[in-house]
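K.L.:
need a 3D model of the sequence below.
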Amino acid sequence: MRAPKISFYPLEHGDLEDALQFACRLTEKAVQLGHAVHLLVRTQEHARKLDELLWQFRADSFIPHQILPLTQNECQQNCAVTLGTQEHLPPTCEILVNLDSKVWTHYQEFEDVREIVAAAEKERQLGRQRYRHYQDAGCPLETKRLATGNKIRS
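P.N.:
Sure, this is the predicted structure:
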């Protein structure tokens, strides 16, 4: 199995709420490019917040998504975006957007891992720990510098 590409997105400012907002923009762009995305969150509360944001973060955009775990009746095939905590592996594994504080043990099942790091010092320290983990595992790493205001550069 080939090591996934790991991209770090250090936010210039903001907290975990800003990281969730940025995750919506990052996910929207990935879905527009035809990718399946899993958003790894820290808690079910974060999943609910992200669920709301994906519905309303922009007036002209909606990102169809599902929160894991799903029962057999809830499972919709071809849903490009899933969200869940470390206990829930998604059915489709292409891009992982990590909003958790640690590296997920299943990260190697994804082609591409995107690490969002909030600006608070504690979050930066946790981001550095994740960076070292991937570095020690031999994963190709890159850091994406964001435009002013945590905007994704094209």
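
K.L.:
in this structure, which spans are helices?
P.N.:
With DSSP state H as the criterion, the chain has helices at 16-32, 44-56, 121-136.

K.L.:
the second one - contacts with which helices or strands?
P.N.:
Which is helix 44-56. Judged by 3 or more CB pairs under 8 Å, 6 or more residues apart in numbering; DSSP states H and E, helix 44-56 is in contact with helix 16-32, strand 66-67, strand 81-84. (C-beta placed from N, C-alpha, C; glycine too.)

K.L.:
just give me how far it sits from the chain centre.
P.N.:
Taking the mean of its C-alpha atoms, helix 44-56 sits 13 Å from the chain's own mean (CA atoms, centre = their mean, to the nearest Å).

K.L.:
buried sites along it?
P.N.:
Within helix 44-56, the residues that count as buried by 16 or more other CB atoms under 10 Å are 46-47, 49-50, 53-54.

K.L.:
equivalent analysis for stretch 96-116, please.
P.N.:
By 16+ other CB under 10 Å, the buried positions in stretch 96-116 come out as 96-100, 103-104, 107-108, 110, 113-116.

K.L.:
show me the residues you listed that map onto strands.
P.N.:
Judged by DSSP state E, strands contain the following of the buried residues of stretch 96-116: 96-98, 113-116.

K.L.:
tell me which of the helices of the chain sits most buried.
P.N.:
Comparing the helices of the chain on average neighbours per residue, with mean count of other CB atoms under 10 Å, the densest one is helix 16-32 at a mean of 19.

K.L.:
need the residues that contact that one.
P.N.:
9, 11, 14, 37, 39, 46, 49-50, 53-54, 57-58, 61, 63, 80-81, 95, 97, 99, 114, 116-119, 123, 150-152 (CB atoms under 8 Å, 6 or more residues apart in numbering).

K.L.:
picking up where we left off before, pipe the helices of the chain into JSON lines and attach distance to residue 89 and mean pLDDT per row.
P.N.:
Shown next, in JSON lines, are these (distance: least, CB to CB, whole Å; pLDDT from 0 to 100):
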{"stretch": "helix 16-32", "distance to residue 89": "18", "mean pLDDT": "92"}
{"stretch": "helix 44-56", "distance to residue 89": "15", "mean pLDDT": "90"}
{"stretch": "helix 121-136", "distance to residue 89": "19", "mean pLDDT": "97"}
